[in-house]
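Trainee: show me the folded form of this:
(6 chains)
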There are 6 protein chains.
Amino acid sequence: MVHIRVINPNTARTMTESIGHRARAVAEPSTIVTAVNPAMGPESIESHYDEALAVPGLLAEIAAGEAAGADGYVIACFGDPGLDAARELASGPVVGIAEAAMHAATLVGRGFSVVTTLARTTGRTRDLAARYGFADACRGVHACDIPVLELDDPSSNARKVVADLCASAVDRDGCDSIVLGCAGMASFCTDLSRRVGVPVIDGVAVATKLVESLVSLGLRTSTRGEFARPGPKKYAGLLRDFSV
Amino acid sequence: MVHIRVINPNTARTMTESIGHRARAVAEPSTIVTAVNPAMGPESIESHYDEALAVPGLLAEIAAGEAAGADGYVIACFGDPGLDAARELASGPVVGIAEAAMHAATLVGRGFSVVTTLARTTGRTRDLAARYGFADACRGVHACDIPVLELDDPSSNARKVVADLCASAVDRDGCDSIVLGCAGMASFCTDLSRRVGVPVIDGVAVATKLVESLVSLGLRTSTRGEFARPGPKKYAGLLRDFSV
Amino acid sequence: MVHIRVINPNTARTMTESIGHRARAVAEPSTIVTAVNPAMGPESIESHYDEALAVPGLLAEIAAGEAAGADGYVIACFGDPGLDAARELASGPVVGIAEAAMHAATLVGRGFSVVTTLARTTGRTRDLAARYGFADACRGVHACDIPVLELDDPSSNARKVVADLCASAVDRDGCDSIVLGCAGMASFCTDLSRRVGVPVIDGVAVATKLVESLVSLGLRTSTRGEFARPGPKKYAGLLRDFSV
Amino acid sequence: MVHIRVINPNTARTMTESIGHRARAVAEPSTIVTAVNPAMGPESIESHYDEALAVPGLLAEIAAGEAAGADGYVIACFGDPGLDAARELASGPVVGIAEAAMHAATLVGRGFSVVTTLARTTGRTRDLAARYGFADACRGVHACDIPVLELDDPSSNARKVVADLCASAVDRDGCDSIVLGCAGMASFCTDLSRRVGVPVIDGVAVATKLVESLVSLGLRTSTRGEFARPGPKKYAGLLRDFSV
Amino acid sequence: MVHIRVINPNTARTMTESIGHRARAVAEPSTIVTAVNPAMGPESIESHYDEALAVPGLLAEIAAGEAAGADGYVIACFGDPGLDAARELASGPVVGIAEAAMHAATLVGRGFSVVTTLARTTGRTRDLAARYGFADACRGVHACDIPVLELDDPSSNARKVVADLCASAVDRDGCDSIVLGCAGMASFCTDLSRRVGVPVIDGVAVATKLVESLVSLGLRTSTRGEFARPGPKKYAGLLRDFSV
Amino acid sequence: MVHIRVINPNTARTMTESIGHRARAVAEPSTIVTAVNPAMGPESIESHYDEALAVPGLLAEIAAGEAAGADGYVIACFGDPGLDAARELASGPVVGIAEAAMHAATLVGRGFSVVTTLARTTGRTRDLAARYGFADACRGVHACDIPVLELDDPSSNARKVVADLCASAVDRDGCDSIVLGCAGMASFCTDLSRRVGVPVIDGVAVATKLVESLVSLGLRTSTRGEFARPGPKKYAGLLRDFSV
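Mentor: Here you go, the predicted structure:
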């Protein structure tokens, strides 16, 4: 029995529920998925500023997961915020959804394109692709210019806009697959695959399976050097409770 | 229920059995693992020449898997021979063990070193790391100079030699994990992890979990361009039966 | 008259004063240097975890600087924490000290080596070098294994240990200059240059001059896309006051 | 007197003859060119699958060349199939036509574009450019979507289609030269150079001159490590005769 | 008091004056700027040939600067001709304007595009970006096809053509800033920034501030290895006076 | 009949003769090799300064070659000085000896190491390897610290020192071949190959064969963009005769 804590780093509870639903749908029956979001921080993550300020809440959720005996963690925001810090804190594996989706994309074809929400986040996506070794595999990053929290507004035409953008990305970039660049798009995934004719990859699902796999293989973050648990240290002010 | 065909591309049946054993040990209870090896080709793969000539037999096993309804495939040789060709032929996902192990290594730390059999194969390992995007993550490739088929000879001290090499690689390279560079080392994995103090990664186990995951997510090789199924074509002579 | 806010992202006031002293020593007479540190967060930054949790306090200091009319900012921690987020928030230029030192190093020679505090931070340094384009120029990263807050303990032999490490880095790496990998080493810089025989570069000094230069040239962070000011958004809990 | 064996790795004898004609046209009068093709394998190479299955026949032709005293070899298919394995087996130098053409292109300008047959092969071309160090120099890869064996069908308008594609590649990519991406295009080369106004490079011709040059300089593949001759080994089944 | 020698490597005195004017406008009041050009060489630099032949005159001006006690040097041509050689000869820092502008661009955004004079120089610009570590940051290089010496011809519409090209580069490349690719465009800089809406960067101004900063920090080219002063040597013929 | 002009860019006539001898030894009987050196410039090239000042004389020799009807050119100094400018001026192909040797090295193995004269030139060698696409293939650059003009002093033990350095480079770097990093080492080549046990590559010989091959294939530098012949222009002072 594997216990996975899926952390939506923003404070939008509806999105957390949708993410949890998606993770549970792909997990093994014996896996327990707990989907949570922080009590503090931004209600959506759409800038470097939002991302930086989502991290304390995310780390608090990792600490809570450790107390609750979680075996592994998914960071369910496409910027993979706080991933390195989370790996220091967690005793089990931690996987980000951008990381997971990009890894999977390189297993089902040579090149992928990312379809994401806002144009201002494309730089971060390129950064992550380079950091993970996929600078060449990432053929394009395209923004639909729909804010994160409007993605599942039924009155919006988000689903159609995203589908059209996926199709045009495949044509323009000659990519083999599409990576969805926002946890809020997870529920579109099955439908999009059918429409676009190439694999459409949702990082929430992939990260859940990767964490499940790593846990079952007994693989966890190396504690030898960079990712060893941080030592005790005085923390001041608003963040005083973060001292480990 | 997922049916995974694990293909040892050489003709050494003992090694096939050991690989199958390893894959079954990590697969979900509901997964069926069939471990096979070709009827043709080299009895071990220790050169580019061996590797090239292992591919026809490997592809025959993919074709047999398709006929038998396999859902996905593992190529269980660290050179990942014939991976691109196998992806064209198979309807489900195909993962190589070098690829799988390197992906996993980058999820549990920043850098990894590879411990392999013969020095002459280190160039191929560097090639694969570059091809998969892990040229920077791969910190060193070290050969123990034990031929593949002597690895599990109980009278050899292979296990000790490999353990010492892993330990010195960690020291010299400052890596976060060790990747085992030969399917014949899979059975050493658990023991080595304990001895070396960093994650030791065996590609057979990881590839099995990755294929299981991709199948359960409905992800398979993109058929849009490069990896579309090859069209019918005349094949001559010894290989006449390979016409698709 | 240029007003530069130099932000030490940890809460160690002595270090802030030493950093301010160093910045004032190199600034033009007409430049006003304000050296500050956050009221919240870790007292030193020695892990990804510390770094992530230093960012909210850093961003609060950027916001305070904006209110006070600062023309530009220096982030005085060698991990350059929160740099992208700070650039979104600040109307003037923001420069990190790792960034500044590496830029300067490539202007006075082909290759540089970094001498830093703890071994666990070397991965982050390599990350930054790659992010700034200096992966090839960075020839080595060496840790003296002295905690940040012991660097200026007069009873320690930190200065000698660092000097010896600089000298051995020059020999081993064949580098043209040394970059000091911690703001706490800034006061060693002049002395080390004399001892080591190659330029020794302290990012606090360089970043101060770069911000001064950018301000006087009228250059500030582009507001066109990625670094545009974040829009208003609901922030919850402990971080509720960070809503812009 | 130099004896070069030019191997067309597919079984299309007409193409072999045309390749041999091209090689003889550029060789020194004292050079003997033997153009051969395997007795086994695919009649054209248009997928990873075809390429993998062309290699055994290619290696048989290398072995036959060794028996016949060949001084060096050209692999006359633009995927450079089996190049590393051939280098292990041959005592003289082996050069692929993609490799040769790309090397020449970087000697007559900064960037080149490749004009090839089928779109599905462009990934392999990019792979080769990266493998040889020419990822930056390769500005584009464009497919004319004419099957290999129809290239010299006089009733097709292949020559015109290829010429138009070359011209548009020069315009779009701003390249300095064109590399022809198929041995079947060799006979178009002179005519295309005239039409397109930049050097048009046919790998068959260049590879022939490179092998001639290497032989006359006494340069052959290093036998020190990776490319040492494979040791004797049991080969089974259909491929039993490949044991060295 | 800092003495900076700004060297225009071509022989066009009007351009030298305009460059000197620009440098003085941004220098500290206490800085002395001497703007010079060689007595020998091409009147403008528009090819590799011109650039190579501008270097002897440039080096003569470095030597003259050393005799006159200059503290540092700017090479005011966008190809940064003779930069490495000048660094060997000068006792103070030497900065090229392409180098300076590209460094500044990466401090005010992620990506920049270059707007330059003639299309034939774009290869050199890409070379420099790669050499300095900014291959990824450089998003495009666009030529206005106006010869260098016509840029400030009041009867030409150079200013408008350049402005339009900057605007279209921002749109097409999604860059955060524009780098002006010719010292002759320096006087356009302020006006262009207003029109284009992103930072427009003139290397003459930035290089002046960088040299001023390096001098005030006591940083100069490392004399340890590659950039040590050349030893005495016999020089023959026309260049006999260049013996150091 | 091919006419190749081999240009030694320094003024040491003995070295020119030795280079010419080497080139003639490998050229086809029908090829005419003219070995020349400039009348102006440094007597040896051991710094960026020397290299820059060797270029005018080199270009004068290209111009003289054009007048004399040369079909192609070799630049016989391992820094490949003036290569881009020479390509603009010459109507036939131009090949540098570093370029030639590195190309050949990648055809006879995966990695090469360079053995050169002075340590201060190793930066330039790395620069060239990167420029030509061989940054990964170049495994090491080692200096014997013998000045260029003492290499063929019979009283020196240059040959032994170089041989020992080659042997240790092979051991340390695990390279497949050695590239000789100075035209003055050309005469050692055959002897070294015997001693070291891997291919030892002399760029003078390879460049001669490459130029011969390119000429016979009708391949010359592209005149489309960057390398088009420079237009007429006023040249002043000492260099006034360089106006084209």
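
Trainee: what sits against the most centrally placed residue in chain A?
Mentor: Central residue of chain A (C-alpha atoms, centre = their mean): A:I97, 2.7 Å from the mean position. Applying C-beta atoms under 8 Å, 6 or more residues apart in numbering or on different chains, we find A:I97 in contact with A:74-78, A:80, A:183, A:202-204, A:206-207. All C-beta spots, glycine's among them, are computed from the backbone N, C-alpha and C.

Trainee: which one of those residues is nearest chain F?
Mentor: A:D80 (28.3 Å; C-beta to the nearest C-beta).

Trainee: quick check: chain neighbours aside, which residue is closest to that closest one?
Mentor: A:G96 (3.1 Å; C-beta to C-beta, 6 or more residues apart in numbering or on different chains).

Trainee: with A:R240 instead?
Mentor: C:M40 (7.7 Å).

Trainee: do the same with A:P93
Mentor: Counting by C-beta to C-beta, 6+ apart, the residue nearest A:P93 is A:L214, at 4.1 Å.

Trainee: stretch A:42-49 and chain E in contact?
Mentor: No: between stretch A:42-49 and chain E, judged by C-beta under 8 Å from any C-beta of the partner chain, nothing touches; the nearest distance is 11.0 Å.

Trainee: just the CA coordinates of that stretch, formatted as CSV?
Mentor: Extracted as CSV, the C-alpha positions of stretch A:42-49 are listed here (Å, rounded to 0.1, in the frame of the first residue of the first chain):
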residue,chain,number,x,y,z
PRO,A,42,-1.7,32.7,-4.0
GLU,A,43,-5.0,31.4,-5.3
SER,A,44,-3.4,30.7,-8.7
ILE,A,45,0.2,30.7,-10.0
GLU,A,46,0.7,32.9,-13.0
SER,A,47,4.1,34.7,-12.4
HIS,A,48,7.5,34.1,-10.9
TYR,A,49,6.1,36.1,-7.9
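
Trainee: buried sites along that stretch?
Mentor: For stretch A:42-49, a neighbour-count test (16 or more other C-beta atoms under 10 Å in any protein chain shown) marks A:42-49 as buried.

Trainee: how about stretch A:142-149?
Mentor: Applying a neighbour-count criterion of 16+ other C-beta under 10 Å, one finds A:142-144, A:146-149 buried in stretch A:142-149.

Trainee: same check on stretch A:208-225?
Mentor: For stretch A:208-225, the neighbour count (16+ other C-beta under 10 Å) marks A:208-217, A:219-225 as buried.

Trainee: neighbours around A:K234, how many?
Mentor: Number of residues near A:K234 (other C-beta atoms under 10 Å in any protein chain shown) recorded here: 12.

Trainee: how near is it to C:A158?
Mentor: In this view, A:K234 and C:A158 are 21 Å apart by C-beta to C-beta, to the nearest Å.

Trainee: before we move on, the earlier item: just checking, which of the contacts of A:I97 belong to strands?
Mentor: Judged by DSSP state E, the subset of the contacts of A:I97 located in strands is A:74-75.

Trainee: ok, of the contacts of A:I97, which come out buried?
Mentor: Using 16+ other C-beta under 10 Å as the burial test, the contacts of A:I97 include A:74-78, A:80, A:183, A:202-204, A:206-207 as buried.

Trainee: and the longest helix along chain A, what other elements does it pack with?
Mentor: Longest helix in chain A, counting residues (DSSP state H): helix A:48-68. For helix A:48-68, the packing partners by 3 or more C-beta pairs under 8 Å, 6 or more residues apart in numbering or on different chains; DSSP states H and E come out as strand A:3-7, strand A:32-36, strand A:41-42, strand A:72-75, helix A:83-89, helix C:48-68, helix C:83-89.

Trainee: do a quick rundown of the strands in chain A.
Mentor: All strands of chain A, identified by DSSP E, fall at A:3-7, A:32-36, A:41-42, A:72-75, A:94-96, A:112-116, A:138-143, A:177-180, A:200-201, A:235-236.

Trainee: now do the second one: which elements does it pack against?
Mentor: Using 3+ C-beta pairs under 8 Å, 6+ apart, the elements in contact with strand A:32-36 are strand A:3-7, helix A:13-26, helix A:48-68.
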